Each structure stands twice: as structure tokens, then as C-alpha cells.
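K.L.:
Fold the following and give me the result.
(one chain, ligands or ions: 1)
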Amino acid sequence: MVSGGGTNLQALIDAEKAGKIPHGHIDLVISNREGAYALTRARNAGIETVVVRKTDRDGQAGFEDRIIEELEKRGTELIILAGFMSILSERFTEKYPERIINVHPSLIPAFCGKGFYGLKVHEAALAYGVKVTGATVHFVNEIPDGGRIIKQKAVYIKEDDTPETLQRRVMEEAEWIILPEAAEQVCREISGKKEDSDGKI
Ligand code: GAR
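P.N.:
Presented below is the predicted three-dimensional model:
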């Protein structure tokens, strides 16, 4: 699920193409924004796309029901929030325990939770004056950025960093590496559990 430029989605697409996600396959990209460049990246890679927007008429529950419908149609087993900028309700997250993962551009528990997203995270890290930041991939539960951590990677802050230069370096040195790694790790765990319950092991 995406909302913006989709560089993390691109990292997942490239990793799958390179054979680095042997236990998973990107089946569908859902965006909550019509113009998100992530949709173009998906279409260029031949991946099906759906736009689901939150409207005043049906609110959060209706928005999430339309997402659930798309996921159920395809039997989706793992949801990856790759720059998805809308907070999902508990009603949604409890339906998919340890089946939703998110990439966040800081070392959780620093600079995370409600209001910390995108460039704001890097602005906050620079304003605080931390010397090390990074990225985190974690499971998504009812607490924003509060689910179990799967992977983290640290990135050093430079004296002359701006929010924009820092954002780019955190992506290059951390997010684009740990998100595909975590995706494969969780897909492998899910396929292992399926084999267990099928009695194959
Ligand atoms: C990424 O830095 C991602 O970690 C962040 O938004 C950016 C999306 O970029 N996500 C959050 O802040 C979520 N709380 P992308 O669209 O190029 O992947």
C-alpha cells in the first residue's frame, strides 16, 4: 500500500525481480492517492493497481472495507505499507495480526507515532540534534509505529544535512535495504507456517 513517490515499492519490485524475495510475490498495489507516482512504478512493472480513496461519505470504516474487499479477492497474505500515509484503525489492524508491515524513517521509538511521517521525521531528528538516525521495519498493530520491530538500520547524520538530504540517505542506506529483507523474512515465516499446518513438516 502506497501514497507517494514509491521508492520503497521500487526497492521491493527490484528485489523480487532479482530473486531476493523467493517466498513472496507482489500481487497488487493499493494507493489512497490517485496521482501517486508509485502507481506508475507498479504499472511499469506489470503489477495490478487499485486506488481506494477515503471519502467524507463513507469515512474510515468504508475506506478500510473497500481495501479489505480488494485483499480478500486476491487472498493476500501480507500487506506492506511502503510509504502509506494514512493511519489504519484497530478494526483493520486486528484483522491482520503480524500480517502488516511498515517501513518508518527513524529508529523507533525515536521520532515516531502520530504526526511523524515523511520529511517531518527527519526535520524532528535534525531539530533534536541526534547524531544517528535510521529506519525501522515493524509489524503494524493498533498503536501507530508501535508493533514488534523486525529490522532496523542506523544512518549517521552529517553536519550539513538538511531534512531532504537526510531523507534521501536514510532511504538509500537503510529503507531500500531492510524493507525487501524484512519482506522476504516474513514471507518465508508465513510459508513455513502454512507448510506446518498442511502437515508437510
Ligand atoms: C519513506 O521515507 C517512508 O519511510 C516514509 O515515507 C517515505 C515514502 O517514500 N513513511 C512514513 O513516514 C510512514 N510513517 P516512498 O513513497 O518513496 O517509498
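K.L.:
what's the distance between the residue lying closest to residue 133 once chain neighbours are set aside and the ligand?
P.N.:
Nearest residue to residue 133 in three dimensions, chain neighbours excluded: residue 125, at 4.7 Å (Cβ to Cβ, 6 or more residues apart in numbering). Any C-beta I mention is one placed from the backbone N, CA and C, and that applies to glycine too. Look at residue 125 and the ligand: by Cβ to the nearest ligand atom, to the nearest Å, they are 12 Å apart.
K.L.:
List the contacts of the residue of the chain found nearest the ligand.
P.N.:
Among all residues of the chain, residue 83 sits closest to the ligand, at 2.8 Å; criterion: Cβ to the nearest ligand atom. Taking Cβ atoms under 8 Å, 6 or more residues apart in numbering, we find residue 83 in contact with 2, 3, 4, 5, 6, 7, 8, 9, 38, 103, 118.
K.L.:
Can you flag which of these belong to strands?
P.N.:
residue 103 (DSSP state E).
K.L.:
In helices, which of the contacts of residue 83 fall?
P.N.:
7, 8, 9, 38 (DSSP state H).
K.L.:
What pLDDT is listed against the first one?
P.N.:
With respect to pLDDT, residue 7 scores 98.
K.L.:
ok, back up a step: figure out the helix or strand that the residue of the chain closest to the ligand lives in.
P.N.:
Assigned by DSSP states H and E, residue 83 belongs to no helix or strand.
K.L.:
partners of residue 132 in the sheet?
P.N.:
Listed by DSSP bridges, the beta-bridge partners for residue 132 are residue 156.
K.L.:
isn't it right next to residue 111, touching?
P.N.:
No - in this structure residue 132 lies outside contact range of residue 111 using Cβ atoms under 8 Å: 11.9 Å.
K.L.:
Between these two, which has more neighbouring residues?
P.N.:
residue 111 (21 against 11; other Cβ atoms under 10 Å).
K.L.:
And the pLDDT for that one?
P.N.:
98.
K.L.:
Also residue 198?
P.N.:
75.
K.L.:
What is the neighbour count of it?
P.N.:
Using other Cβ under 10 Å, residue 198 has 8 other residues around it.
K.L.:
Check residue 73 too.
P.N.:
Residue 73: 10 neighbours (other Cβ under 10 Å).
K.L.:
Equivalent analysis for residue 33, please.
P.N.:
Neighbours of residue 33 under the rule other Cβ under 10 Å: 17.
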